[in-house]
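Participant: here is the input, now give the coordinates:
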Amino acid sequence: MSQIPPLLGDSHGRYRVHIVGNSGAGKSTLGAELASILDVPYISLDSLFWEPNWTPSTPEEFQAKVLKRLMEDQETGWVVDGNYGTRLGDVVTWRRTDVVWLDPPFLLYFPRLIVRTLQRLVGLKDNCAPGCGETLGDIFLSKEKSILYWAITHHTIVRRHESENLQRWGVHTGGNMRRIGGWGAELKAWKQAVVAMVKGM
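Facilitator: Numbering: from 1, shown residues only. Alright, predicted model coming up:
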């Protein structure tokens, strides 16, 4: 049996990668890094969904913005990060060549999420989306606005949902989805395999 490559791509050697996972799992970090490795644009769904002051786009507005970005970079490829399945429908699903489910242990990524959230609060990191700042009250007291609360309450939900998707679309069944879990070694090895694949192209 031939070995499954770290990314599948399309018949023209283009990669349109969708990274999914819970809030704080490291999607944005991996997305930007992978886009740099592949030399393709990186697209953050958060930045397209949220308008200033945490005003959400309507599903129609969101789908139109995402579709525009995807089509602009269709010929070069892209890396997209974010879930938004119910709001996006099949806009990304029909166009992606690869799905990467980033699924590290909660005890690994949640402390990192706390640090990054506090760094945003004091201006050491950019906001999740332009014009969308956070306050201490948002972070620790608001169920609606706290990314920490969202991460805690959605860890199991996201894992169950993506596990079901993996059963349907996993590369082991001929699909285009793979899971990367563990405490870091699996992710590091996968990124090294992607770098080696790109150098061999």
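Participant: give me the below-cutoff pLDDT ranges for the chain.
Facilitator: 1-2 (pLDDT under 70).
Participant: make it 80
Facilitator: By pLDDT under 80, the low-scoring segments of the chain are 1-2, 201.
Participant: which helix runs longest in this protein?
Facilitator: helix 147-169 (DSSP state H).
Participant: that one packs against which elements?
Facilitator: Contacts defined by 3 or more C-beta pairs under 8 Å, 6 or more residues apart in numbering; DSSP states H and E place helix 147-169 against strand 98-102, helix 106-121, helix 136-141, strand 177-180. For the C-beta atoms, the positions are set from N, CA and C on the backbone; glycine is no exception.
Participant: need the winner for burial among these.
Facilitator: Stretch with highest mean neighbour count among the helices and strands packed on helix 147-169: strand 98-102 (a mean of 24; mean count of other C-beta atoms under 10 Å).
Participant: dump the helix or strand hosting Thr86 to CSV, restricted to CA.
Facilitator: Assessed by DSSP states H and E, Thr86 sits inside helix 85-88. Extracted in CSV, the C-alpha atoms of helix 85-88 (Å, rounded to 0.1, in the frame of the first residue of the first chain):
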residue,chain,number,x,y,z
GLY,A,85,-19.8,24.9,9.6
THR,A,86,-23.5,25.9,10.2
ARG,A,87,-22.9,29.5,9.0
LEU,A,88,-20.8,28.7,6.0
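Participant: which positions in that helix come out as buried?
Facilitator: Counting neighbours by 16 or more other C-beta atoms under 10 Å, one finds that the buried residues in helix 85-88 are Arg87, Leu88.
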